[in-house]
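Visitor: build me a model:
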Amino acid sequence: MDAMEANVKSEVITVKKSFLRKHKKDVFDMDTFLRMGIEKSYLLFYNYRKIYIIDKSEIKRGRVTMYQVGLYSTYFPEI
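Guide: Coordinates of the predicted model:
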């Protein structure tokens, strides 16, 4: 049974903007996923243990809210 079936909510953390500068190679926003396309985005989930998404509209007073996301589909388009 995975987290989605168990009704487990995603991890939500709030960090300072300095955290984003320090970890800029490991932090993604929705625009990044849209630019990369489904194939490359899909591969990201296999290269990283945890992936956090940032909603840029929720940046307030130098603090950023990040949401943990996971891969729930086993669909992989042929390349």
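Visitor: longest helix of the protein, counting residues only.
Guide: Taking DSSP state H as the criterion, the chain has its longest helix at helix 30-47.
Visitor: what's the following helix or strand after it?
Guide: strand 51-54 (DSSP states H and E).
Visitor: so which elements touch that next one?
Guide: Packed against strand 51-54 by the contact rule (3 or more Cβ pairs under 8 Å, 6 or more residues apart in numbering; DSSP states H and E) you find strand 28-29, helix 30-47, strand 63-69. Where C-beta positions appear, they are placed from N, C-alpha and C, glycine not excepted.
Visitor: measure how far the last one is from the centre of its chain, please.
Guide: Taking the mean C-alpha point of strand 63-69 and that of its whole chain, the gap between them comes to 8 Å (Cα atoms, centre = their mean, to the nearest Å).
Visitor: check the shortest one too.
Guide: The chain centre lies 6 Å from the centre of strand 28-29; the measure is Cα atoms, centre = their mean.
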